[in-house]
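*Asks:* Following is a predicted model, sequence given first.
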Amino acid sequence: MLDKILSFLITLFLAIAGGALFHLATPWLTDYISTEVLYMDMGLFRLTVASLLCILVGAAVGGIIGYFVSSYFIRQLKRFSVWVETQMSKTPLHDVIAGAIGLAIGLSIANLISYSFAKIPVVGDYIPVVFSIVLGYLGIHITIKKRKELTALFDVIPKTLKEVVRSREKVKPSVEAVATMKEANSSLQSADYKLLDTSVIIDGRIADICETGFVEGTLLLPVFVLEELQHIADSADILKRTRGRRGLDILQKIRSTSKLKVEVTNVDFDDVAEVDSKLVRLAQQVKGKIITNDYNLNKVAQLRDVAVLNINELSNAVKPVVIPGESMQATIVKEGKEPGQGVAYLDDGTMIVIENGRRHLNKTIQVEVTSALQTAAGRMIFAKPA
């Protein structure tokens, strides 16, 4: 149906264009065919017989051409629309909005400037076109590049209003708000909560751990953690956007396959900017434990007497124990820091430092364990060629 409508419009357009072009040939027709009939006034828009005849012939010719070429134009239009849709899908929505705003600003400035140059002889009619192209492109380019700065600039007024409202609420909180807050805190404190931070959600191993049943209680997802995940998923950077979407998929997997109960809380702390600090304060409030793999968050939470379940420590704890004198195979992949050393890795990523292993680079050899070192960052094995 759409193809028929487009075909009709293209045929109609070319028929009108053909009639207009052939109407310009009216003087030529009257010059070469001198008959009184052609000069007769038809009384229709003050047209003569010659003019009407030229218009009808031109419209017929244009309509016939339009009928045959409309299918070609429709195919090209569809290809162009598919290309535009593909390009738009690759571009983040905020960049599209910023570009549209920049284009509008650039064209407005071009219109104002062009008015001053429009009266210049010969080139005055072309200057507005040049200004529109140049300033329109600059408007799009600058607004996309400076999008974050412009967003921060326009956020000043809402943030100021929000601070004013917040200060008033702190000065004179209502009795109902206090009662509601106390009720929410008491209900939160009655459950055994495990709080997830952003890094452990993106890591993904928490989903498998929850399926095994080693984690008990209720998983508590603060709304500020979900907002941070959404912000990462909407990032213009491809790597960040992929990590954010992976975190959202992990949360969906936990909710659908895990045996644990998952709750989302709207409790927020407007006076705290950092998400990690909000998470520690919420853990103190509900007397829950934080599940993370962030080393710095682990230390900060311990200093504030908040229990932490570190996924990396759990991973190191369940790794197989190696005993000095034990023999194993290792493929030496690179040189060590010390002269003559070689470095290999186990399947779980554990580093093996092999004494005098440099000469066996890129070879699989039998090694004998001499010692093992356990650190907060992981485990390191020292060995020598057997």
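*Replies:* Perfect, thanks for sending it. Numbering: from 1, shown residues only.

*Asks:* Can you list the low-confidence ranges for the stretch 51-200 of the chain?
*Replies:* 51, 87-88, 90-91, 93, 118, 121-124, 150-191 (pLDDT under 70).

*Asks:* ok, which stretches of it are strands?
*Replies:* 193-196 (DSSP state E, counting those that start in this stretch).

*Asks:* would you list every one of the helices in it?
*Replies:* 93-117, 127-145, 147-154, 156-171, 175-189, 198-203 (DSSP state H, counting those that start in this stretch).

*Asks:* contacts for the last one?
*Replies:* For helix 198-203, contacts defined as Cβ atoms under 8 Å, 6 or more residues apart in numbering pick out 206, 225, 228-229, 232, 243-244, 246-247, 250-251, 275, 291-294, 297, 311. (Glycine included, C-beta is placed from N, CA and C.)

*Asks:* Pull the distance from that helix to the chain's centre.
*Replies:* Helix 198-203 sits 18 Å away from the centroid of its parent chain (Cα atoms, centre = their mean, to the nearest Å).

*Asks:* Return the distance of the nearest residue to Leu77 once chain neighbours are set aside relative to Gly58.
*Replies:* Take Leu77 and drop its neighbours on the chain: the residue closest to it by Cβ to Cβ, 6 or more residues apart in numbering is Leu6, 7.2 Å away. To Gly58, Leu6 is 22 Å away according to Cβ to Cβ, to the nearest Å.

*Asks:* Pick out whichever of the two has more residues nearby.
*Replies:* Using other Cβ atoms under 10 Å as the criterion, Leu6 and Gly58 rank with Gly58 on top: 22 against 16.

*Asks:* Might you report the residue contacts of the more buried one?
*Replies:* 18-23.

*Asks:* Then Cys210?
*Replies:* Contacts of Cys210 by Cβ under 8 Å, 6+ apart are 219, 254, 258-260.

*Asks:* can you tell me which of these are in helices?
*Replies:* Counting by DSSP state H, the part of these found in helices is Ile254.

*Asks:* does the residue nearest to Leu77 count as helix, strand or coil?
*Replies:* Secondary structure assignment for Leu6 (DSSP: H, G, I helix; E, B strand; the rest coil): helix.

*Asks:* thinking Thr218 is in contact with Ile254, fair?
*Replies:* No - using Cβ atoms under 8 Å, Thr218 makes no contact with Ile254, being 11.9 Å away.

*Asks:* who touches both of these two?
*Replies:* 260, 262.

*Asks:* For those two, work out which one has more neighbours and name it.
*Replies:* Ile254 (21 against 17).

*Asks:* Surely the more buried one and Leu260 touch.
*Replies:* Yes - when contacts are counted by Cβ under 8 Å, Ile254 is listed as touching Leu260 (7.3 Å).

*Asks:* Tell me the buried residues in stretch 69-81?
*Replies:* Judged by neighbour count (16 or more other Cβ atoms under 10 Å), stretch 69-81 contains these buried residues: 70, 73-74.

*Asks:* Break this protein down into its domains, please.
*Replies:* Using automatic domain parsing, the domains assigned to the chain come out as 1-90, 191-316, 321-385.

*Asks:* Now do the second one: distance to the chain's middle.
*Replies:* So that's domain 191-316. 21 Å.

*Asks:* give the contact list for the residue nearest to the spatial centre of the chain.
*Replies:* Nearest to the geometric centre of the chain sits Asp234, at 3.4 Å (Cα atoms, centre = their mean). Shown in contact with Asp234 (Cβ under 8 Å, 6+ apart): 92, 94, 241, 244.

*Asks:* and those, which two are the farthest apart?
*Replies:* His94 and Gly244 (14.6 Å; Cβ to Cβ).

*Asks:* Neighbour count: these two, which is higher?
*Replies:* Gly244 (22 against 14).

*Asks:* CA atoms only: put the longest strand seen in the chain into PDB for me.
*Replies:* Longest strand in the chain by number of residues (criterion: DSSP state E): strand 364-375. Taking C-alpha atoms only, strand 364-375 is exported to PDB below (Å, rounded to 0.1, in the frame of the first residue of the first chain):
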ATOM      1  CA  THR A 364      55.700 -27.500  28.500                       C
ATOM      2  CA  ILE A 365      58.000 -29.100  31.100                       C
ATOM      3  CA  GLN A 366      57.600 -30.900  34.400                       C
ATOM      4  CA  VAL A 367      58.300 -28.700  37.400                       C
ATOM      5  CA  GLU A 368      58.600 -29.300  41.100                       C
ATOM      6  CA  VAL A 369      56.900 -27.000  43.700                       C
ATOM      7  CA  THR A 370      59.300 -25.400  46.100                       C
ATOM      8  CA  SER A 371      56.900 -23.000  48.000                       C
ATOM      9  CA  ALA A 372      53.600 -21.200  47.700                       C
ATOM     10  CA  LEU A 373      52.700 -17.600  48.700                       C
ATOM     11  CA  GLN A 374      49.200 -16.600  49.600                       C
ATOM     12  CA  THR A 375      48.300 -12.800  49.300                       C
END
